[in-house]
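*Asks:* Can you look at this prediction? I've put the sequence above it.
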Amino acid sequence: MDCVFCKIAKGEIPSEIIYEDDKVIAFKDQDPQAPIHFLVIPKKHIDSNDTLTDEDSFLISHIFTVIRDICRKLKVNQDGYRIVNNVGEDGGQTVKHMHFHVLAKRSLNWPPG
Ligand code: AMP
Ligand code: ZN
């Protein structure tokens with residue numbers, strides 16, 4: 001499958017990895033929208049939240065605890081951060097491999113555009 005994030009997960013294309021374990025990988029977004037902007041993805045290909053299965057429950061909760069730990073390590077947990085998961089066309093999803101954006105180190109607007 002020609003998926004850019006699968007290639008990043010396999011190390012076939014370069015990325016600035018900030019965390020990795022057997023299930024997930026976190027790397028810097030190539031087009032950062034905040035001073036800190038990284039993506040966390042499951043290594044396993046999942047198209048989007050719409051194709052999640054019940055078996056993926058642990059994986060998704062694991063992603064959130066990984067984000068918690070990275071944000072503590074980066075010391076942005078006190079000021080706060082935003083976790084974003086875009087789904088499908090209207091959600092603004094451009095890469096069809098499920099991913100969570102984490103943005104920090106600036107005051108983020110609400111509602112999003
Ligand atoms: P989304 O619009 O939610 O699908 O977000 C896709 C994100 O992936 C965008 O913020 C892109 O800047 C980012 N992106 C795409 N390709 C790469 C890459 N090779 N390395 C790092 N970030 C990427
Ligand atoms: Zn993929």
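*Replies:* Perfect, I can see it now. Ligands and ions are numbered 1, 2, ... in the order given.
*Asks:* contacts and neighbour counts: CA atoms only from here.
*Replies:* OK.
*Asks:* secondary structure element for the closest residue to Ile83 other than its chain neighbours?
*Replies:* Using CA to CA, 6 or more residues apart in numbering and skipping the chain neighbours, the partner closest in space to Ile83 is Val102 (4.7 Å). Assigned by DSSP states H and E, Val102 falls within strand 100-104.
*Asks:* so what secondary structure elements neighbour that strand?
*Replies:* If you count contacts as 3 or more CA pairs under 8 Å, 6 or more residues apart in numbering; DSSP states H and E, strand 100-104 packs onto strand 36-42, strand 81-84.
*Asks:* Can you give the strand pairings for the last one, parallel or anti for each?
*Replies:* This points to strand 81-84. Next to strand 81-84 in the sheet, as set by DSSP bridges, lie strand 100-104 (antiparallel).
*Asks:* Now do the residue nearest to Ile83: how many residues are near it, please.
*Replies:* Val102 has 23 neighbouring residues, counting by other CA atoms under 10 Å.
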